[in-house]
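K.L.:
I need the structure of the sequence given here:
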Amino acid sequence: MTGQGLTLGGVKVHLCAEAGGPARGDRDALDYIAEAWEADAEWIAVPVARLGEEFFHLETRIAGEVIQKLVNYGARLAVVGDIAAHLARSKALRDFVYESNRGRHVWFVEDMAELERMLTLRNRAG
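P.N.:
Residues are numbered from 1 along each chain as shown. Coordinates of the predicted model:
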């Protein structure tokens with residue numbers, strides 16, 4: 001297993017290692033899920049660099065495949081890092097990130113501190 005297990009805001013999170021190939025589809029999602037299960041984690045935090053450029057081009061459908069597989073297996077995903085350049089190029093991605101961050105399964109956060117704040121707020125809200 002690569003990465004590390006953390007507890008943030010009272011929630012177990014598996015932070016995937018930044019090193020490794022970019023996500024190409026649902027098989028990569030299964031790798032993330034396996035790592036999270038080994039760490040007994042509810043959330044999977046994946047650094048932006050680990051996802052690769054194509055993940056942020058929604059027309060490739062990579063993001064959809066990865067996210068759908070994670071949700072099907074009951075995992076939650078936090079994409080961690082600066083995606084401002086990606087957002088500047090795509091209104092569809094901006095809308096997707098906005099809607100995702102309103103939900104409970106997929107969040108896009110700047111850093112691990114922001115993820116901890118969001119998890120803490122979620123736990124307080126019940």
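K.L.:
and the strands in this protein?
P.N.:
Shown for the chain, the strands assigned by DSSP state E span residues 4-8, 11-15, 43-47, 76-80, 106-109.
K.L.:
between the ones you listed, which gets nearest to residue 24?
P.N.:
For residue 24, the closest of the strands of the chain is strand 43-47, at 13.4 Å, according to C-beta to C-beta. Glycine gets a C-beta too; all of them are placed from N, C-alpha and C.
K.L.:
got a markdown table for the strands of the chain, with mean neighbour count too?
P.N.:
What follows is those, written out as a markdown table (neighbours: other C-beta atoms under 10 Å):
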| stretch | mean neighbour count |
| --- | --- |
| strand 4-8 | 15 |
| strand 11-15 | 21 |
| strand 43-47 | 23 |
| strand 76-80 | 23 |
| strand 106-109 | 20 |
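K.L.:
show me where the protein has its helices.
P.N.:
Under the criterion DSSP state H, the chain carries helices at the ranges 26-38, 48-51, 62-72, 84-89, 91-102, 112-125.
K.L.:
mean neighbour count added to the ones you listed, as JSON lines?
P.N.:
Formatted as JSON lines, the helices of the chain follow (neighbours: other C-beta under 10 Å):
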{"stretch": "helix 26-38", "mean neighbour count": "18"}
{"stretch": "helix 48-51", "mean neighbour count": "19"}
{"stretch": "helix 62-72", "mean neighbour count": "18"}
{"stretch": "helix 84-89", "mean neighbour count": "12"}
{"stretch": "helix 91-102", "mean neighbour count": "13"}
{"stretch": "helix 112-125", "mean neighbour count": "14"}
